[in-house]
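1. After the sequence you'll find the predicted model.
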Amino acid sequence: MDRAAFACSTAFFRDYSSASHVAVCLPQGHVDYIEKVESFSYSDFFRDYLIPNHPCIFSAKFTEGWGSRRNWVTQDGKPNFDYLLQHFVYISGKAVVPVANCDAKEYNSNPKEQIPLKEYISYWKEHIKKNYQSPRGCLYLKDWHLCRAFPEQDVYTTPVYFTSDWLNEYWDTIGLDDYRFVYMGPKGSWTPFHADVFRSYSWSANICGKKKWLLFPPKQEEYLRDRHGHLPFDITAPDLQNSSIYPRYAQSCPPIEIIQEAGEIIFIPSGWHHQVYNLEDTISINHNWVNGCNVAIMWSFLQDELAAVQREISEWRDTMEDWHLQCQVIMKSCTGIDYKEFYNFLKVIAENRISVLNHVLDEEASAKNTHRAATSALGMLHAVFDLKRTVQVLTSLNANEDFKKLNPKSLSPPPEALLHHLKAAIDTALL
């Protein structure tokens, strides 16, 4: 991060009120296309897209060196099924993958099952032969943690623009999960209308194939709710035109439509709802991530989720002794995190940034390309920015009445002590 980007971030995030910023409809649905790697810096991306929360598309030049672009694709641009079978079934072991049925609806998503990768590729090849029809429906391999299962494979390198990634930094630290996925699906497979986990950013790179994205800026989804307050499963369904079912649909902006070609990367900003179609047989790499620019949006989302749980079980409030704790348990089961884990999330990020500022980065960490090394590569000013944003959100968390009911003084270190430590580190760094 250069000094100009740091000054821009300081001005934008000067007070907490601007932290949960929302984007407006872009003029005529325009989305910038980033053509050249050499003329586009991390600070450019930070200033022009992360802070204002605007989407953009990176050209195929940004993925030219990836192993998956070389090896997973045939000469005519199709998925290389033989290579995938050789490296993820026959050599590396029997991979099992999550598969969604795009022709079925379960609550507000597609039902999923776990099947062997060999079986899925066999289905896919047969699906193509039968003109994309199958009695099993249209099956879409989604949310496969391929790089976690096969870390030795040369698949891709995360572009520098997306390396300030608190979400995967935290889950890698505790060793329980990650938010890095591979998607594979035939022409016609699709993902229903949604916003990403924790209202995080996402980036998605097409290894081969073509996608169509329908994007809605934050708050536009409110016009798309039905009379019961529920969001649609399919934003293109004819029922949305029925004002007795969707009374505010006519007030919504048209979606921003993007066609993403092979090799291109799309950046989806925080809190943007979207629906995605595979227009061809497609493979993509996807990450969800959070950083200092959108961590307050994540925090606002968690507060909304807890409030929804509290409304849902409000009738038991006076009869259940540990009602507040039960609300946290339910929220974590639905979203994957509760307030105490959110505190630990902020703590891990903050401690790593302090280590960067203290130059506690040994050669082994650098050689392994750890998150701390990546943060160090972004520069001292970026570490200071991260700490300042952590302080703002941690201050809000510490003042939250529901968090206070969880006895935050029992945490290690207590929030007040951590805040004091972070502020001192910022002051020292800026001397």
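-> Done, it's in.
2. Residue 392 contacts residue 14, correct?
-> No: taking C-beta atoms under 8 Å as the definition, residue 392 is not a contact partner of residue 14, at 9.8 Å. C-betas here are computed from N, CA, C, even on glycine.
3. ok, these two, which is more surrounded?
-> Taking neighbours as other C-beta atoms under 10 Å, residue 392 and residue 14 compare with residue 392 leading, 19 against 11.
4. quick one: average confidence on the one helix or strand that one maps to?
-> Following DSSP states H and E, one finds residue 392 within helix 380-399. Within the predicted structure, the mean pLDDT of helix 380-399 is 96.
5. How about it, which residues are buried there?
-> Neighbour counts over helix 380-399 (16 or more other C-beta atoms under 10 Å) mark 380-394, 396-398 as buried.
6. Check which element follows it along the chain.
-> Proceeding N to C from helix 380-399, the next assigned helix or strand is helix 401-404, under DSSP H and E.
7. After the lowest-mean-pLDDT helix or strand in the chain, heading C-terminal, what element do we hit next?
-> Taking mean pLDDT, DSSP states H and E as the measure, helix 363-367 is the helix or strand of the chain with the lowest mean score, a mean of 48. Moving toward the C-terminus from helix 363-367, the next helix or strand (DSSP H and E) is helix 371-378.
8. Can you tell me what sits against that following helix?
-> By C-beta atoms under 8 Å, 6 or more residues apart in numbering, the surrounding residues in contact with helix 371-378 are 1, 42, 160, 163-165, 168-169, 172-173, 352-353, 355-356, 361, 365-366, 382-383, 386.
9. Just the C-alphas of it, formatted as PDB.
-> Backbone C-alpha positions of helix 371-378 (Å, rounded to 0.1, in the frame of the first residue of the first chain) are rendered in PDB as follows:
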ATOM      1  CA  HIS A 371      -0.300 -14.900   5.400                       C
ATOM      2  CA  ARG A 372       2.100 -13.000   7.600                       C
ATOM      3  CA  ALA A 373       4.600 -12.900   4.800                       C
ATOM      4  CA  ALA A 374       1.900 -11.700   2.400                       C
ATOM      5  CA  THR A 375       0.900  -8.900   4.800                       C
ATOM      6  CA  SER A 376       4.500  -7.900   5.200                       C
ATOM      7  CA  ALA A 377       4.900  -7.700   1.400                       C
ATOM      8  CA  LEU A 378       1.900  -5.200   1.300                       C
END
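10. quick check, distance from it to the centre of its chain.
-> How far helix 371-378 lies from its chain's middle: 20 Å, per C-alpha atoms, centre = their mean, to the nearest Å.
11. Next, the angle helix 380-399 makes with it.
-> Counting by axes from the mean of the first three to the mean of the last three C-alpha atoms, to 10 degrees, helix 371-378 lies at 120 degrees to helix 380-399.
12. which stretches of the stretch 151-300 of the chain form helices?
-> Counting by DSSP state H, counting those that start in this stretch, the stretch 151-300 of the chain has helices at residues 166-174, 295-312.
13. Quick check: which helices or strands does the helix holding residue 392 pack against?
-> Packing partners of helix 380-399 (3 or more C-beta pairs under 8 Å, 6 or more residues apart in numbering; DSSP states H and E): helix 3-12, helix 295-312, helix 339-357, helix 371-378, helix 415-429.
14. Pull out the buried residues from the third one.
-> Yep, that's helix 339-357 we're talking about. Neighbour counts over helix 339-357 (16+ other C-beta under 10 Å) mark 339-340, 342-357 as buried.
15. show me where the stretch 1-150 of the chain has helices.
-> Going by DSSP H, counting those that start in this stretch, the stretch 1-150 of the chain shows helices at 3-12, 42-45, 67-71, 81-85, 117-129, 146-149.
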